[in-house]
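Engineer: What shape does this take:
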Amino acid sequence: MMQTAPDRVSETALHRPRLGFLGVGWIGHHRMKAILETGAAEIAAIVDPSPEMIRRAAELAPDAVCGGTFDELLEAGLDGVVIATPTALHAAQAIRALERGLAVFCQKPLGRTATEVRAVLDAARRADRLLAVDFSYRFTVGMRLIRDLISRGELGRIYAIDLVFHNAYGPDKPWFYDAALSGGGCVMDLGVHLVDLALWTLDFPKVSRVSSTLFAGGERLNMVNGRVEDYASIALELETGAVARLVCSWRLQAGRDALISAAFYGTTGGAALRNVNGSFYDFIAEHYRGTQCQRIATPPDAWGGRAAADWAVRLAAGQRFDPDAEDLFIVADTLDWIYGR
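Structural biologist: Numbering: from 1, shown residues only. Coordinates of the predicted model:
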């Protein structure tokens, strides 16, 4: 059976890395729990501006040193840091941690621009430290099975890809709507996952052309005015000849909490991941042959923390800089194209 989650590390493992958490809101808290469940690492330090968030995180890691500053976290004798702070801080915080010899797991996006992402990658390579980003949808059972189908050639030559992510609510933090702080709107928040899934599933073919149309409040958007998009329609032409069509939005009048899907169509078959009943968490995956449909994955699937858990397990195993991290630049560069940067 296909392995879909990181193996739990034995209690007799020679080294359990000491980790610090920078930001323990909902996402940081959830990733901490996922890492602790592997047994791969210990949580040694927690930093967050909210005393309530620190209190909740300390319930998971009662032995951690709580409070303080990022500077103090860097002095805490750690092996790695999990960064779950606002987007504008990601690149600079990741670089500082890497330069201090710490491995880094960062929330997406790693940076607001490809230039920021390149600087982080260069720092990780110089430090020879493990770097990963929370592209969590890669770790759903359904996407793993679809990628496997494609890699085995069971869908033939992939020529069309359709990806959708509509979130009926949109972010609740003001900085998301400031282009200087966020780097962009729904594309940076949601579309980054779609770009990553399209390219990762096909083993990162070169993107040869990008076209995009962005909207804010139902009107075509000019990014020069500093507003961010709440709807985007994007086409990626790949060197393989395939075309990926991506659509994402905040607060779309779609009649449900979320619409999320990733469909891949080839010359001999198709496959798709899609959410169930508007859920943000429950997905099914299907394999298509002509008019026949085979269900290959169903809920439940506790996929949300697997990216963080995978990083922690690899760190405990002694892994250092992973050349596959260069894929992070390809995703960031594609986002720059989408935004016309």
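Engineer: Can you pull out the low-pLDDT segments for the protein?
Structural biologist: 1-14, 223-225 (pLDDT under 70).
Engineer: could you measure the most centrally placed residue in it against Glu239, distance?
Structural biologist: What sits nearest the mean C-alpha location of the chain, by Cα atoms, centre = their mean, is Phe135, with 2.1 Å. For Phe135, the distance to Glu239 (Cβ to Cβ, to the nearest Å) stands at 22 Å. In short, each C-beta sits where N, CA and C put it, glycine included.
Engineer: for His287, same thing?
Structural biologist: For His287 relative to Glu239 (Cβ to Cβ), the value is 26 Å.
Engineer: Counting neighbours, go ahead and name the busier of these two.
Structural biologist: A side-by-side neighbour count of His287 and Glu239, using other Cβ atoms under 10 Å, places His287 first with 19 against 10.
Engineer: Setting aside sequence neighbours, what's the nearest residue to that one?
Structural biologist: Gln294 (4.6 Å; Cβ to Cβ, 6 or more residues apart in numbering).
Engineer: show me what contacts the residue lying farthest from the centre of the chain?
Structural biologist: Distance from the C-alpha centroid of the chain peaks at Thr291, with 32.9 Å (Cα atoms, centre = their mean). Contacts for Thr291 (Cβ atoms under 8 Å, 6 or more residues apart in numbering) come out as none.
Engineer: What of Ala263?
Structural biologist: Contacts for Ala263 (Cβ under 8 Å, 6+ apart) come out as 161-163, 270-274.
Engineer: make it 6 Å
Structural biologist: Contacts for Ala263 (Cβ atoms under 6 Å, 6 or more residues apart in numbering) come out as 162, 272.
Engineer: The one 4 residues further on too?
Structural biologist: Thr267 is in contact with 156-157, counting by Cβ under 6 Å, 6+ apart.
Engineer: one more time with 7 Å
Structural biologist: Shown in contact with Thr267 (Cβ atoms under 7 Å, 6 or more residues apart in numbering): 156-157, 159.
Engineer: Which stretches in the stretch 1-150 of the chain count as strands?
Structural biologist: Taking DSSP state E, counting those that start in this stretch, the strands of the stretch 1-150 of the chain run over residues 18-22, 42-47, 65-66, 80-83, 103-106, 131-133.
Engineer: Could I get the phi/psi values of the residue nearest to His287?
Structural biologist: Gln294 adopts backbone torsions of phi -110, psi 120, taken as degrees, to the nearest 10.
Engineer: That one reaches Ile284, doesn't it?
Structural biologist: No: between Gln294 and Ile284 there is no contact under Cβ atoms under 7 Å: 11.1 Å.
Engineer: who has more neighbours, those two?
Structural biologist: Between Gln294 and Ile284, counted using other Cβ under 10 Å, Ile284 has the larger neighbour count: 17 against 11.
Engineer: who's that one bridged to?
Structural biologist: Arg274 (DSSP bridges).
Engineer: The one 5 residues further on now?
Structural biologist: In this structure, Arg289 bridges to Gln292 when assessed by DSSP bridges.
Engineer: Wasn't Tyr265 part of a strand?
Structural biologist: Yes: assessed by DSSP: H, G, I helix; E, B strand; the rest coil, Tyr265 belongs to a strand.
Engineer: who touches it in this structure?
Structural biologist: 158-160 are the contacts of Tyr265 under Cβ under 7 Å, 6+ apart.
Engineer: Also Gly156?
Structural biologist: Taking Cβ under 7 Å, 6+ apart, we find Gly156 in contact with 266-269.
Engineer: Quick check on those residues: which are buried?
Structural biologist: 266, 269 (16 or more other Cβ atoms under 10 Å).
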